[in-house]
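Undergrad: I need the structure of the sequence given here:
(chains A, B, C and D)
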2 protein chains.
Amino acid sequence: MDVRSQILVEAIRLFAAQGFQGTSVQEIADAVGIRKPSLLYHFPSKEALRQCALDEILSRWNDVLPNLLLIATRDQRFDKVMEALTDFFLEDPDRARVVMREMLDRPEDMQRRIITFVRPWIDVIADQLEKAKAKGTVQGDVDTHAYAISVVNMVVAGVAVIDNLGAALPGDAGAKPARERYVRELVRIARRSLYQPVS
Amino acid sequence: MDVRSQILVEAIRLFAAQGFQGTSVQEIADAVGIRKPSLLYHFPSKEALRQCALDEILSRWNDVLPNLLLIATRDQRFDKVMEALTDFFLEDPDRARVVMREMLDRPEDMQRRIITFVRPWIDVIADQLEKAKAKGTVQGDVDTHAYAISVVNMVVAGVAVIDNLGAALPGDAGAKPARERYVRELVRIARRSLYQPVS
DNA sequence: CCTACCGATCGGTAGG
DNA sequence: CCTACCGATCGGTAGG
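TA: Below you'll find the predicted structure:
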């Protein structure tokens, strides 16, 4: 792996754990094993490093997005879409943490990214849900746009703090790992609040 | 209002917007209109200020909690409990932002607070839900603990970034404010994923 | 509650 | 990719 990629990996890890302001360029350089000015040769400023770290995460999301939209458009396989969404963030929870932090730290910046980046595919999914609503598969009072965004936000926020939430569960020693319980329940909540009961 | 309270108000506002590391003691002192050493007379360190800011939020939560548990225990009025929960954070979204930031910045610290502070009343609510499950009012496959925690997390995270999420909605000019749409949909999701359909 | 001041660390640059 | 160094700001203290 080249130095630039190593820098991005360590930056995302540290930004996720300590935040952007809570992480110094020195710390990232130490983690990579180079000197601070060497890092600033690859990224002209700490701010540039922030943008690149976020782009890195969003571009990986773009890798899974086409496949996800294909599934959603073709046969509305809800479980598959939710699985792709949860898998993406569970694969590296730091992604969820960085995204949550950016939404808190830079709301205007993140709103811009959301408009150009998230809204298009939210619109596609909402369209599908509207069709399903007309057919009667989906419950009539679902606010399809607000629903889709809320579910995405629930997954991102849930994964970002998933290990914290474990502390709120009763500590059954032999029980299923807390992570799995939460993810399963999140998916259940999203599904059950969407579809018309089959009865 | 005394100086100490003013400091806490400004600290919570700035911590919510910029984070703890992103806010300097100088900034808070400026916002209050005093010098930095004067602030450090009231709070011995920035770290002490953080703890007090969080205690302030949690103690306000303790004001509404007994009433909330009474409602939940007496007649399981789900909508009233959800209303108390959403109202508390919507009343000042900075509360939600500070809590989310603390969960990200200080996971071990926050886990401790969750165990002593959140878990007891989550247990009470989960107990109520188990009884309702036995009666058949609540759906059989609900993981009551994971459900209660997930709903709380959904509300906290949703309110924390509620203005960001507006950017993902189509911009119907005359439409209902984005905030209200989101809150309404969050409550619908929570309710519908819990109860057995009346059919 | 203030003025004056501390060492440490910050992001970033010069120059090679 | 390094050494050497910059001004600015950080949290905090002394002393009144």
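Undergrad: So the closest residue to residue A:40 other than its chain neighbours versus residue B:40, what's the distance?
TA: Nearest residue to residue A:40 in three dimensions, chain neighbours excluded: residue A:25, at 6.8 Å (C-beta to C-beta, 6 or more residues apart in numbering or on different chains). Quick note: C-beta positions are derived from backbone N, CA and C, even for glycine. Per C-beta to C-beta, to the nearest Å, residue A:25 is found 28 Å from residue B:40.
Undergrad: for residue A:151, same thing?
TA: Distance from residue A:151 to residue B:40, by C-beta to C-beta: 45 Å.
Undergrad: The helix or strand where residue A:156 lies: what's the following helix or strand?
TA: Using DSSP states H and E, residue A:156 sits within helix A:144-160. Next in sequence after helix A:144-160, counting helices and strands by DSSP H and E, comes helix A:162-165.
Undergrad: quick one on the thing from earlier: now for the helix holding residue A:156, which elements pack on it?
TA: helix A:78-91, helix A:93-105, helix A:119-135, helix A:178-192, helix B:93-105, helix B:144-160, helix B:162-165, helix B:178-192 (3 or more C-beta pairs under 8 Å, 6 or more residues apart in numbering or on different chains; DSSP states H and E).
Undergrad: Dump that helix to PDB, keeping only the CA atoms.
TA: The C-alpha coordinates for helix A:144-160 follow below in PDB (Å, rounded to 0.1, in the frame of the first residue of the first chain):
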ATOM      1  CA  THR A 144     -41.700   7.500   1.800                       C
ATOM      2  CA  HIS A 145     -39.000  10.100   1.700                       C
ATOM      3  CA  ALA A 146     -38.900  10.700   5.400                       C
ATOM      4  CA  TYR A 147     -39.000   6.900   5.900                       C
ATOM      5  CA  ALA A 148     -36.000   6.200   3.700                       C
ATOM      6  CA  ILE A 149     -33.900   8.900   5.200                       C
ATOM      7  CA  SER A 150     -34.900   8.000   8.700                       C
ATOM      8  CA  VAL A 151     -33.900   4.400   8.200                       C
ATOM      9  CA  VAL A 152     -30.500   5.300   6.700                       C
ATOM     10  CA  ASN A 153     -29.900   7.600   9.600                       C
ATOM     11  CA  MET A 154     -31.000   5.000  12.100                       C
ATOM     12  CA  VAL A 155     -28.500   2.500  10.600                       C
ATOM     13  CA  VAL A 156     -25.600   5.000  10.400                       C
ATOM     14  CA  ALA A 157     -26.200   6.300  13.900                       C
ATOM     15  CA  GLY A 158     -26.800   2.800  15.300                       C
ATOM     16  CA  VAL A 159     -23.600   1.400  13.900                       C
ATOM     17  CA  ALA A 160     -21.600   4.500  15.000                       C
END
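Undergrad: interface residues of chain A facing DNA strand C?
TA: Proximity of chain A to DNA strand C (C-beta under 7 Å from any atom of the strand) is limited to residues A:23-27, A:36-37, A:40, A:44-47.
Undergrad: just so I know, which of the helices and strands packed on helix A:144-160 lies nearest residue B:135?
TA: Proximity to residue B:135, assessed across the helices and strands packed on helix A:144-160 by C-beta to C-beta, is greatest for helix B:144-160 (13.3 Å).
Undergrad: pLDDT below threshold where in chain A?
TA: Filtered on pLDDT under 70, chain A yields the residue ranges A:76, A:172-175, A:199.
Undergrad: do that again at 90, thanks
TA: Along chain A, the model assigns pLDDT under 90 to residues A:68-69, A:71-79, A:116-117, A:166-167, A:170-177, A:197-199.
Undergrad: quick one, what contacts the closest residue to chain B within it?
TA: Chain B sits closest to residue A:157 of chain A, with a gap of 3.2 Å, by C-beta to the nearest C-beta. Neighbouring residues of residue A:157 by C-beta atoms under 8 Å, 6 or more residues apart in numbering or on different chains: A:96, A:100, B:100, B:153-154, B:156-158, B:160.
Undergrad: and it, how far is that from residue A:140?
TA: In terms of C-beta to C-beta, residue A:157 sits 27 Å off from residue A:140.
Undergrad: Repeat that for residue A:106.
TA: 37 Å.
Undergrad: Tell me which of the two has more neighbours.
TA: Between residue A:106 and residue A:140, counted using other C-beta atoms under 10 Å in any protein chain shown, the more crowded position is residue A:106 (16 against 8).
Undergrad: Would you list the phi and psi of the more buried one?
TA: Main-chain dihedrals, residue A:106, degrees, to the nearest 10: phi -130, psi 60.
Undergrad: does any part of stretch A:166-180 sit near chain B?
TA: Yes. Against chain B, stretch A:166-180 shows contacts by C-beta under 8 Å from any C-beta of the partner chain at A:166-170.
Undergrad: Pick the one among those residues closest to DNA strand D.
TA: The closest of the residues of stretch A:166-180 next to chain B to DNA strand D turns out to be residue A:167 (C-beta to the nearest atom of the strand; 27.0 Å).
Undergrad: which residues touch the closest residue to the closest one other than its chain neighbours?
TA: In space, residue A:167 comes closest to residue B:111 once its chain neighbours are excluded; the distance is 3.9 Å by C-beta to C-beta, 6+ apart. Residues in contact with residue B:111 (C-beta under 8 Å, 6+ apart) are A:164, A:166-167.
Undergrad: what helix or strand is residue B:111 on?
TA: Judged by DSSP H and E, residue B:111 forms part of helix B:107-117.
Undergrad: Does DNA strand D have contacts with the longest helix along chain A?
TA: The single longest helix within chain A, with elements called by DSSP state H, is helix A:46-75. No. Applying C-beta under 7 Å from any atom of the strand, one finds helix A:46-75 separated from DNA strand D by no less than 12.2 Å.
Undergrad: which parts of that helix are buried?
TA: Across helix A:46-75, burial judged by 16 or more other C-beta atoms under 10 Å in any protein chain shown covers A:46, A:49-50, A:52-54, A:56-57, A:61, A:65, A:68-69, A:71-72.
Undergrad: cool, stretch A:185-196 as well?
TA: Buried residues in stretch A:185-196 (16+ other C-beta under 10 Å): A:185-190, A:192-194.
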